[in-house]
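**Student:** Build me a model:
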Amino acid sequence: MLNIYTSANCASEKKYIFDQILGRFLGVSFQVHYSEMSGSIKVSMEGRAGELEINDVFFFQFENKVRWLSQESLPLLPLKILERRNIPILYGNDKIDESRESFHIGIDLFGSCFFMLSRYEELVVNEKDTHGRFPARASVAYKGGFLDRPIVDEYIEVLWFYMKKLWPSLERKALKPNYFVSCDVDFIQDRGVRFPGIINRLGGDLIKRKSFKQFLGSLKLFYTVSILKNKTQDPFNTFNFMMDVCESNNLKMAFYFIPRNNKLPIDGDYDIESDEILELMRNIIARGHEVGYHASYYSYSDLEVTRKEVALLRKVFKKAGGNPEDIKGGRQHYLRWETGITEKNWETVGLEYDSTLGFAETVGFRCGTGQEYNFYDSHERKPMKLRIRPLLAMEVSVFNLNYMGLSHEEAFLIIEKTKNTTEKYRHDFSLLWHNSSFNLKKDFELYQKLLFLKGAPNIDAS
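**Tutor:** Presented below is the predicted three-dimensional model:
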């Protein structure tokens with residue numbers, strides 16, 4: 001049993017971060033003792049000699065004139081670096097003092113982890129992109145050059161190194177990393193192989209792509225899908241392929257559906273109560289994959305819209321033969337998320353997890369980790385039941401010319417690097433790939449490659 005000694009300042013926040021870091025991530029038992037001490041957090045082990053003292057900078061600043069959720073409470077840039085491990089320091093300093101039975105760590109490990117997991121900065125920094133999202137460029141991770149690193153996991157490893165050095169008998173829990181593969185179902189029909197969209201497609205084949213072969217292929221698709229009504233050949237009808245790939249790798253996939261009827265064009269092209277969607281859901285249920293919630297574009301800040309949409313999705317899911325209680329989570333459309341609002345909406349309507357928190361414009365660790373954790377309400381200053389499943393990579397991020405604009409080869413390297421990083425720490429990896437994003441043979445090949453497919457079904461993607 002570990003004993004934690006700290007001041008009662010920011011007691012709720014401290015208890016939350018101890019629960020996440022020590023309890024959830026490391027799996028060690030502990031007790032918190034509040035005292036008059038300030039400026040540091042001391043850790044000892046019951047029945048063992050030695051003490052670990054960790055700098056308390058983030059929480060301690062609120063004992064003075066610094067206000068909660070104020071600009072002056074953010075990390076100072078440029079960040080200092082812990083040279084011996086090449087780790088950016090959000091709060092604290094690079095000093096590590098070691099004696100025979102005690103260590104003093106200058107980095108504020110707990111406060112820095114709280115800052116990243118709670119998305120504290122998103123309640124302070126007002127910058128938004130054209131979709132009202134907190135952009136990567138506004139984050140400390142981007143400005144500090146560590147967006148591609150799971151900084152929370154790195155801090156935890158520093159903490160564990162010195163805990164284990166003091167108390168060799170201490171054990172951490174064995175982690176079983178998960179590979180979360182999900183699909184946001186925005187569209188189920190490719191309008192480009194139907195009239196009038198086929199006109200633009202054919203023109204693009206000849207003028208933009210200068211490919212008579214693609215022109216003939218588009219004509220063939222138009223005839224097959226629109227004239228012969230063979231929906232299985234629709235380029236967006238890739239659901240069975242995606243499930244085949246996952247099943248070949250012993251993975252379960254999650255398909256997130258937009259429930260809202262009478263939608264604006266930005267919210268997709270289907271009616272959630274249609275026979276076509278019911279048939280698709282039945283297939284997903286029969287194959288043992290997950291159906292989840294894809295919140296409509298304007299729902300992210302509206303509790304009542306969220307409530308109605310989840311209720312409608314559960315109604316349709318039940319009609320398709322599923323158990324409404326199995327609708328446990330999902331993701332916001334366009335990754336629209338307002339910290340301080342969206343998470344409360346999700347928890348209020350009874351959802352258990354959210355997988356929105358990644359950056360649309362780049363692959364990376366928005367939350368400083370890929371591992372699931374409980375969120376924190378920094379307005380009401382209390383822990384939440386809602387689990388965050390950080391989104392680390394999305395195909396739109398790597399391919400879209402307004403974002404990273406990478407080739408398939410470059411996309412594989414950066415996603416694979418991110419996945420390998422999570423495997424290094426034995427933490428979760430979350431990949432989003434839309435069913436409507438298989439336009440080239442290379443798309444099918446990359447999806448399979450990222451999932452380490454063996455014995456893949458043959459796909460004609462020409």
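**Student:** only C-alpha atoms for contact and neighbour calcs from this point on.
**Tutor:** Noted.
**Student:** Tell me the bridge partners for the residue lying closest to E36 once chain neighbours are set aside.
**Tutor:** By the measure of Cα to Cα, 6 or more residues apart in numbering, the closest residue to E36 outside its immediate chain neighbours is S7, 5.4 Å from it. When assigned by DSSP bridges, S7 has beta-bridge partners S35.
**Student:** Over to Y256: give its phi and psi.
**Tutor:** Backbone torsions of Y256, given as degrees, to the nearest 10, read phi -100, psi 120.
**Student:** Apart from its chain neighbours, what residue comes closest to it?
**Tutor:** Nearest to Y256 is G292, by Cα to Cα, 6+ apart, at 4.4 Å.
**Student:** Quick check: that neighbour touching F257?
**Tutor:** Yes - if you go by Cα atoms under 8 Å, G292 and F257 touch, sitting 6.3 Å apart.
**Student:** Return the set of buried residues in stretch 1-21.
**Tutor:** 2-9, 13-21 (16 or more other Cα atoms under 10 Å).
**Student:** do stretch 167-182 as well
**Tutor:** W167, N178, Y179, F180, V181, S182.
**Student:** Next up, the contacts around I87.
**Tutor:** I81, I151, E154 (Cα atoms under 8 Å, 6 or more residues apart in numbering).
**Student:** For it, give its distance to A8.
**Tutor:** 29 Å (Cα to Cα, to the nearest Å).
**Student:** same for the helix or strand encompassing D153, what does it pack against?
**Tutor:** For D153, the host element (DSSP states H and E) is helix 151-166. The contact analysis (3 or more Cα pairs under 8 Å, 6 or more residues apart in numbering; DSSP states H and E) places helix 151-166 against strand 51-55, helix 109-117.
**Student:** could you dump the first one to PDB, C-alpha only?
**Tutor:** Put plainly, it is strand 51-55. Written as PDB, here are the backbone C-alpha positions of strand 51-55 (Å, rounded to 0.1, in the frame of the first residue of the first chain):
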ATOM      1  CA  GLU A  51      10.400   8.300   0.200                       C
ATOM      2  CA  LEU A  52       9.700   9.700  -3.200                       C
ATOM      3  CA  GLU A  53       9.100  13.500  -3.400                       C
ATOM      4  CA  ILE A  54       7.500  14.900  -6.500                       C
ATOM      5  CA  ASN A  55       7.300  18.600  -7.400                       C
END
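**Student:** That one - what's its average pLDDT?
**Tutor:** Averaged across strand 51-55, pLDDT comes to 96.
**Student:** List the pairing partners of that strand within its sheet, with orientation.
**Tutor:** strand 40-45 (antiparallel), strand 102-107 (parallel).
**Student:** Nearest to N249, out of these?
**Tutor:** strand 102-107 (40.4 Å; Cα to Cα).
**Student:** Residues in contact with that closest one: which ones?
**Tutor:** By Cα under 8 Å, 6+ apart, strand 102-107 touches 50-55, 89-98, 162, 166.
**Student:** Please list only the buried members of these.
**Tutor:** 50-55, 89-94, 162, 166.
**Student:** Can you say which two of these are spatially most distant?
**Tutor:** For the buried ones among the contacts of strand 102-107, and using Cα to Cα, no pair is farther apart than G50 and L90, which are 26.5 Å apart.
**Student:** What are the boundaries of the helices in the stretch 301-450 of the chain?
**Tutor:** 303-319, 342-348, 395-399, 408-424, 441-450 (DSSP state H, counting those that start in this stretch).
**Student:** Now do the shortest one: which elements does it pack against?
**Tutor:** Okay, so that is helix 395-399. Helix 395-399 packs on helix 408-424, going by 3+ Cα pairs under 8 Å, 6+ apart.
**Student:** Now F429: closest residue in space, sequence neighbours ignored.
**Tutor:** Closest to F429 by Cα to Cα, 6+ apart is Y179, at 5.0 Å.
**Student:** check contacts around that neighbour.
**Tutor:** L251, D428, F429, S430, L431.
**Student:** what's the answer for F110, then?
**Tutor:** K14, I17, F18, I21, D56.
**Student:** Report the secondary structure state of the first one.
**Tutor:** If I follow you right, that is K14. helix (DSSP: H, G, I helix; E, B strand; the rest coil).
**Student:** Specify which member of the contacts of F110 is nearest to E372.
**Tutor:** I21 (11.6 Å).
**Student:** Spatially nearest residue to that closest one (excluding sequence neighbours)?
**Tutor:** I156 (7.1 Å).
**Student:** State the distance from that neighbour to D275.
**Tutor:** Taking Cα to Cα, one finds I156 at 49 Å from D275.
**Student:** More neighbours: those two, which one.
**Tutor:** Using other Cα atoms under 10 Å as the criterion, I156 and D275 rank with I156 on top: 18 against 11.
**Student:** Would you check that that one makes contact with G23?
**Tutor:** No - I156 lies out of contact with G23 (Cα under 8 Å); the separation is 11.9 Å.
**Student:** Identify the bridge partners of V291.
**Tutor:** F255.
**Student:** how many neighbours does it have?
**Tutor:** Every residue meeting other Cα under 10 Å relative to V291 is counted, giving 26.
**Student:** Contact partners for it?
**Tutor:** Counting by Cα under 8 Å, 6+ apart, V291 has contacts A254, F255, Y256, F257, M281, I284, I285, F317, D326, I327.
**Student:** One more: T130?
**Tutor:** Applying Cα under 8 Å, 6+ apart, no residues contact T130.
**Student:** give me the element it is part of.
**Tutor:** Applying DSSP H and E, one finds T130 in no helix or strand.
**Student:** Could I get the average pLDDT for stretch 186-199?
**Tutor:** 72.
**Student:** can you give me phi and psi for the residue nearest to F429?
**Tutor:** phi -110, psi 100.
**Student:** before we move on, the earlier item: which member of the contacts of Y179 is positioned nearest Q31?
**Tutor:** D428 (27.6 Å).
**Student:** follow-up on the earlier one: turn the contacts of F110 into TSV, columns for distance to E171.
**Tutor:** What follows is these, written out as TSV (distance: Cα to Cα, whole Å):
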residue	distance to E171
K14	22
I17	19
F18	17
I21	14
D56	25
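**Student:** and which of the residues you listed is nearest S29?
**Tutor:** Among these, and counting by Cα to Cα, the member closest to S29 is F18, at 10.0 Å.
**Student:** Tell me the pLDDT of the residue nearest to that closest one when sequence neighbours are not counted.
**Tutor:** Of all residues not flanking F18 in the chain, F110 sits nearest, at 7.4 Å (Cα to Cα, 6+ apart). Looking at F110, its pLDDT reads 98.
**Student:** same check, this time on L74
**Tutor:** pLDDT at L74 comes out at 98.
**Student:** What values do phi and psi take at it?
**Tutor:** phi -80, psi 160.
**Student:** what's near enough to touch it?
**Tutor:** L74 neighbours (Cα under 8 Å, 6+ apart): E121.
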